[in-house]
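**Student:** next comes the sequence, and after it the predicted model I'd like to discuss.
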Amino acid sequence: MSFETDFANHLKEFSSAPYLFIGSGLSSRYIGTEGWIGLLSSICTELKLPNNFHYYNSKSSNDLTKVASLMAEDLFEPWWKDDFFKDSRENFQEKITDKEGPLKYEICKYFEKKLYDINEDLTEEYRLFKKINIEGIITTNWDVLLEKTFKDFLVHIGQDSLIFNNSIDVGEIYKIHGCISDPDSLVLTNEDYQYFNEKNPYLAAKLLTIFMEHPIIFLGYNIGDENVHAILSSIIKILDKNSINKLKDRLIFCERDLKIETPEIGDGNYLINGLNLPIKKIKYNSLSSVYKVLANNNRKLPIKILRHMKNMVFDFVKNSKSKSKVYLADDSNFENLDLEKVQFVYGFGIKENLSMMGIKGVTGRDLLIDVVYNNLQIDPLQLSKNAIPGISGFIPYFKYLRNANLLDEEGSIVNNEQTEMFTPAYIDKVNGITNENFNPVRNYLTKKEAINEKYNSVKELVEGESVEHSIIYIPLLDIEKISSEELHTFILSVKPKTENLKTQLRKLICLYDYVKYKLNKK
């Protein structure tokens with residue numbers, strides 16, 4: 001089996017979507033941010049500190065948290081007195097409450113200079129990254145790449161935001177080491193890490209909920225990273241052996257390997273607190289295949305709608321005086337309800353309008369009839385994005401994609417920001433459609449040569465065959481002989497509105513859609 005099949009099958013073992021645990025390696029990959037050593041070294045030069053990074057590193061015995069503490073101490077006096085930092089003082093001096101404040105502020109200024117231009121060699125990979133379907137993200141990164149990538153996700157900054165959050169929600173980013181948008185939140189110095197580690201047991205208890213309910217995919221870390229190790233160690237300490245076994249295969253570590261061409265997934269072990277914790281290891285050179293699997297795990301609703309639904313229900317259940325707009329459709333006798341048959345309906349819009357509008361889904365038949373009669377008054381972009389990808393069977397795609405400007409000159413779905421809502425599998429399926437997809441069943445294929453010898457157009461074929469045979473034989477014509485106008489005229493004569501739309505008639509309508517809107521043939 002291929003990597004994508006193996007990885008997809010592994011994720012199917014879990015009922016919940018994955019969480020990502022993201023480290024600095026991912027930002028380095030896409031926007032070229034420096035690792036911690038490179039950052040501290042650059043900051044020494046940028047701020048004209050009295051000593052270079054190597055001095056601080058040797059003085060702190062290669063402990064980078066202590067390096068940051070020494071740098072903060074050396075910066076404090078000049079920051080308050082030198083003209084070089086005059087603008088910084090004017091902008092931030094009222095918010096300085098400790099000796100680390102100036103260094104944290106200057107680091108945030110340094111990060112703000114980044115333009116967040118994606119590495120040109122990784123543009124396609126990053127576009128797939130933006131499509132992935134996940135439950136949420138935990139990160140130790142300070143930059144705002146993730147917020148810019150997942151714009152519908154809510155962002156929580158700092159360790160306390162996770163510890164004191166009432167419920168773990170869908171579509172949220174937890175920046176447990178702080179963010180450049182809030183300099184005081186950065187976990188940077190030795191003192192910061194001591195305070196962070198003191199709260200680790202509380203953080204571990206909160207993370208345990210996530211780790212027990214979701215597969216966790218680690219990206220941008222080396223196996224053995226101190227931050228990950230400390231958190232996993234805290235989690236393991238509060239678990240018994242049976243609970244530790246439940247973590248088996250939920251932890252998925254992605255490691256870059258430049259020697260391989262295609263990703264590999266296999267079993268591994270993570271030695272922690274004297275225990276060999278079974279994990280999954282993914283080796284990759286490119287992350288495209290990893291992202292394709294995550295992107296194809298499509299949700300039925302956008303993440304912000306799911307989060308809103310969950311919050312409304314949570315508030316309704318939790319609070320006796322809930323402000324959630326939850327309504328009962330009737331005055332059912334709740335005592336006698338058969339709970340196995342109870343259904344919940346979520347309506348979009350204003351309550352007063354729902355009864356008038358009703359809740360009606362567009363079906364495959366609706367689309368087939370519309371392609372022939374142009375009777376659906378619905379925005380083609382909304383149809384293409386929100387309805388059609390969820391409809392199975394023979395359906396017309398190209399009219400709506402063409403009218404929504406989502407097709408290129410070749411009639412293929414363009415791969416850009418306009419089509420980020422489509423999964424890679426959906427794009428491959430639609431772009432892979434050819435006229436042969438509409439052929440009749442196999443025993444008729446032997447007639448293809450004879451049909452093309454006898455007829456040179458749809459009109460000729462229709463005049464020479466019965467209606468039933470015309471429906472079957474038209475797809476066997478060479479594609480250059482098929483006129484969309486002639487085909488449309490024939491389909492209208494069949495009166496599909498009143499027909500049951502059997503499979504071959506559905507195929508014929510889809511062929512018309514293909515010829516007219518993908519191939520742009522008259």
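**Tutor:** Now that the structure is in, tell me what you want to look at. These numbers come from a predicted model, not from an experiment.
**Student:** contacting residues for Leu146?
**Tutor:** Ile22, Ile137, Thr139, Phe153, Ile173 (Cβ atoms under 8 Å, 6 or more residues apart in numbering). (Each C-beta comes from the backbone N, C-alpha and C, glycine too.)
**Student:** host element of it?
**Tutor:** helix 145-149 (DSSP states H and E).
**Student:** list the buried residues in that helix.
**Tutor:** With burial defined by 16 or more other Cβ atoms under 10 Å, the residues of helix 145-149 counted as buried are Leu145, Leu146, Glu147, Thr149.
**Student:** helices or strands up against the helix or strand just after it?
**Tutor:** Sequence-wise, the next helix or strand downstream of helix 145-149 (DSSP H and E) is strand 154-157. With contacts taken as 3 or more Cβ pairs under 8 Å, 6 or more residues apart in numbering; DSSP states H and E, strand 154-157 sits against strand 172-175.
**Student:** do a quick rundown of the helices in the stretch 101-250 of the chain.
**Tutor:** Taking DSSP state H, counting those that start in this stretch as the criterion, the stretch 101-250 of the chain carries its helices at 101-112, 123-129, 145-149, 159-163, 190-198, 200-213, 226-237, 241-246.
**Student:** how far does stretch 205-213 sit from its chain's centre?
**Tutor:** Mean-position distance between stretch 205-213 and its chain equals 21 Å (Cα atoms, centre = their mean, to the nearest Å).
**Student:** check stretch 52-63 too.
**Tutor:** With Cα atoms, centre = their mean, you get 40 Å for stretch 52-63.
**Student:** thinking again about what came up before, kindly indicate which of the buried residues of helix 145-149 lies nearest Lys131.
**Tutor:** Using Cβ to Cβ, Thr149 comes nearest to Lys131 of the buried residues of helix 145-149, at 10.2 Å.
**Student:** looks like that closest one contacts Phe129 (just checking).
**Tutor:** Yes. Thr149 is within contact range of Phe129, at 6.6 Å (criterion: Cβ atoms under 8 Å).
**Student:** outline the domain layout of this structure.
**Tutor:** 3-32+116-296, 36-112, 363-522 (automatic domain parsing).
**Student:** check the separation of the first and last residues in the first one.
**Tutor:** Going back to what we said before, that points to domain 3-32+116-296. 14 Å (Cα to Cα, to the nearest Å).
**Student:** over to the second one?
**Tutor:** Between the opening and closing residues of domain 36-112 we find a distance of 16 Å, counting by Cα to Cα.
**Student:** return the distance of it from the chain's centre.
**Tutor:** 36 Å.
**Student:** ditto for the first one
**Tutor:** Between the centre of domain 3-32+116-296 and the centre of its chain there are 14 Å (Cα atoms, centre = their mean).
**Student:** any idea which of the helices of the stretch 101-250 of the chain is most buried?
**Tutor:** Mean neighbour counts were taken over the helices of the stretch 101-250 of the chain using mean count of other Cβ atoms under 10 Å, and the top value, a mean of 20, falls to helix 101-112.
**Student:** return the list of helices and strands in contact with it.
**Tutor:** helix 36-46, helix 64-81, helix 86-92.
**Student:** which positions within the longest one qualify as buried?
**Tutor:** Which is helix 64-81. 64-72, 74-76, 79.
**Student:** same thing with the shortest one?
**Tutor:** By neighbour count, with 16+ other Cβ under 10 Å as the criterion, the buried positions of helix 86-92 are Ser88, Arg89, Phe92.
**Student:** same thing with stretch 503-514?
**Tutor:** Here stretch 503-514 shows Gln504, Leu505, Arg506, Lys507, Leu508, Ile509, Cys510, Leu511, Tyr512, Asp513, Tyr514 as buried, counting by 16+ other Cβ under 10 Å.
**Student:** rewinding a little: can you add mean pLDDT and distance to Asp428 and give the helices of the stretch 101-250 of the chain back as CSV?
**Tutor:** Output for the helices of the stretch 101-250 of the chain, formatted as CSV (pLDDT from 0 to 100; distance: least, Cβ to Cβ, whole Å):
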stretch, mean pLDDT, distance to Asp428
helix 101-112, 95, 37
helix 123-129, 94, 12
helix 145-149, 96, 23
helix 159-163, 81, 37
helix 190-198, 92, 44
helix 200-213, 85, 31
helix 226-237, 86, 34
helix 241-246, 78, 35
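**Student:** assign a three-state SS to Cys254, would you?
**Tutor:** Three-state assignment for Cys254 (DSSP: H, G, I helix; E, B strand; the rest coil): strand.
**Student:** closest to His10 among the buried residues of stretch 503-514?
**Tutor:** Ranked by distance to His10 (Cβ to Cβ), the buried residues of stretch 503-514 are led by Cys510 at 35.0 Å.
**Student:** packing partners of the helix or strand containing the closest one?
**Tutor:** Per DSSP H and E, Cys510 falls inside helix 503-513. Applying 3+ Cβ pairs under 8 Å, 6+ apart, one finds that helix 503-513 contacts helix 364-373, helix 467-473, helix 484-494.
**Student:** out of the helices of the stretch 101-250 of the chain, nearest to Leu368?
**Tutor:** helix 123-129 (31.8 Å).
**Student:** just to revisit the earlier point, can I get the helix holding Leu146 in CSV, CA atoms only?
**Tutor:** Listed next in CSV are the C-alpha coordinates belonging to helix 145-149 (Å, rounded to 0.1, in the frame of the first residue of the first chain):
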residue,chain,number,x,y,z
LEU,A,145,2.1,32.1,10.6
LEU,A,146,-0.6,29.7,12.0
GLU,A,147,-3.1,32.6,12.5
LYS,A,148,-2.5,33.8,8.9
THR,A,149,-2.9,30.2,7.6
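**Student:** quick revisit: and which of the buried residues of helix 64-81 is nearest Ser493?
**Tutor:** For these, the residue nearest Ser493 by Cβ to Cβ is Leu64; the value is 77.6 Å.
**Student:** so the closest one touches Leu40, yeah?
**Tutor:** Yes. The pair Leu64 / Leu40 is scored as a contact, 6.7 Å apart, by Cβ under 8 Å.
**Student:** just give the nearest non-adjacent residue to Lys518, would you?
**Tutor:** Gly411 (3.6 Å; Cβ to Cβ, 6 or more residues apart in numbering).
**Student:** and the pLDDT for that neighbour?
**Tutor:** pLDDT recorded at Gly411 is 93.
**Student:** can you check Asn222 too?
**Tutor:** Predicted confidence (pLDDT) for Asn222: 87.
**Student:** got it, and His469?
**Tutor:** 95.
**Student:** distance of it from Gly101?
**Tutor:** Applying Cβ to Cβ, to the nearest Å, the value for His469 to Gly101 is 83 Å.
**Student:** surely Glu261 is in a strand?
**Tutor:** No. Per three-state DSSP, Glu261 lies outside any strand segment and is coil.
**Student:** and the closest residue to it other than its chain neighbours, how many neighbours?
**Tutor:** Spatial nearest neighbour of Glu261, chain neighbours left out: Asn285 (6.5 Å); criterion: Cβ to Cβ, 6+ apart. Neighbourhood size, Asn285 [other Cβ atoms under 10 Å]: 14.
**Student:** center of this structure, which residue is that?
**Tutor:** Ile132 (2.4 Å; Cα atoms, centre = their mean).
**Student:** contacts only, for that residue.
**Tutor:** Tyr291, Leu294, Ala295.
**Student:** let's see it at 10 Å
**Tutor:** Applying Cβ atoms under 10 Å, 6 or more residues apart in numbering, we find Ile132 in contact with 17-18, 20, 149-150, 217, 290-297, 423.
**Student:** from Leu39, how far off is it?
**Tutor:** Ile132 sits 27 Å away from Leu39 when distances are taken as Cβ to Cβ.
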